[in-house]
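sequence first, predicted coordinates after that:
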Amino acid sequence: MKKVVFVCVHNAGRSQMAEAFFNQFAKGKAKAYSAGTQPADEVNPIAAKVMKEVGIDISGAKPKMLTLEMIESADRVITMGCGDDPAGLCPARIVQTEDWALEDPKGKPVEKVREIRDTIKERVAKLVQEIIPEQEV
């Protein structure tokens, strides 16, 4: 089974949304995980709210620390906006990744977080169709 890891610094918004969309769209034919290099204490409540609006509950998800094992077991590692990581904590500098330059939803108004969610949904749908060509999304 193909595995994808979505990574952002805090694993509180973008990567959590991407993981949830991927696992919903893949319907068990591939698996996504998410993690961060400096995990937050909790999922961004606004990210959880906008996901609930589209029928996905991530409010119980816990931000996780990215591990070497996660990276090594993944077929794809996708970072979520490594350009906004001035501290150099993004794994893109360590392993080959694909970066989706997405704005961090932290501190943004709900309307902006909805836009970020919808962009993630579109990109994840394309990714699932690439990994599982026969999958209907």
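Okay, I see it.

G36 pairs with what?
Taking DSSP bridges as the rule, G36 bridges to C8, M65.

shouldn't it be in contact with C8?
Yes. Under the criterion of Cβ atoms under 8 Å, G36 makes contact with C8 at 5.8 Å. Placement of C-beta: from N, CA and C, glycine included.

just say helix, strand or coil for S34.
strand (DSSP: H, G, I helix; E, B strand; the rest coil).

what is the burial count for it?
Neighbourhood size, S34 [other Cβ atoms under 10 Å]: 30.

isn't it up against E19?
Yes. Between S34 and E19 there is a contact under Cβ under 8 Å: 3.9 Å.

any common contacting residues for the two?
F6 (Cβ atoms under 8 Å, 6 or more residues apart in numbering).

neighbours around E69, how many?
Neighbours of E69 (other Cβ under 10 Å): 8.

the protein: strands as residue ranges?
2-8, 30-36, 76-79, 98-99 (DSSP state E).

so M70 makes contact with V5?
Yes. M70 is within contact range of V5, at 5.2 Å (criterion: Cβ under 8 Å).

what do those two both touch?
Common neighbours of M70 and V5 (Cβ under 8 Å, 6+ apart) are 33, 35.

look at these two and report which has more neighbours.
V5 (27 against 18).

please produce CSV containing the strands of the chain, extended by distance to V113.
Shown next, in CSV, are these (distance: least, Cβ to Cβ, whole Å):
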stretch, distance to V113
strand 2-8, 14
strand 30-36, 16
strand 76-79, 19
strand 98-99, 20
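
among these, which is the most enclosed?
Across the strands of the chain, averaging neighbours per residue (mean count of other Cβ atoms under 10 Å) puts strand 2-8 on top, at a mean of 25.

same for that one, what does it pack against?
Judged by 3 or more Cβ pairs under 8 Å, 6 or more residues apart in numbering; DSSP states H and E, strand 2-8 is in contact with helix 14-26, strand 30-36, helix 68-73, strand 76-79, helix 110-131.

and the strands of the chain, which one is worst for confidence?
When these are compared by mean pLDDT, strand 98-99 comes last with a mean of 81.

pull up the pairing partners for that one, direction included.
strand 76-79 (parallel).

where are the low-confidence patches of the chain?
82-96, 135-137 (pLDDT under 70).
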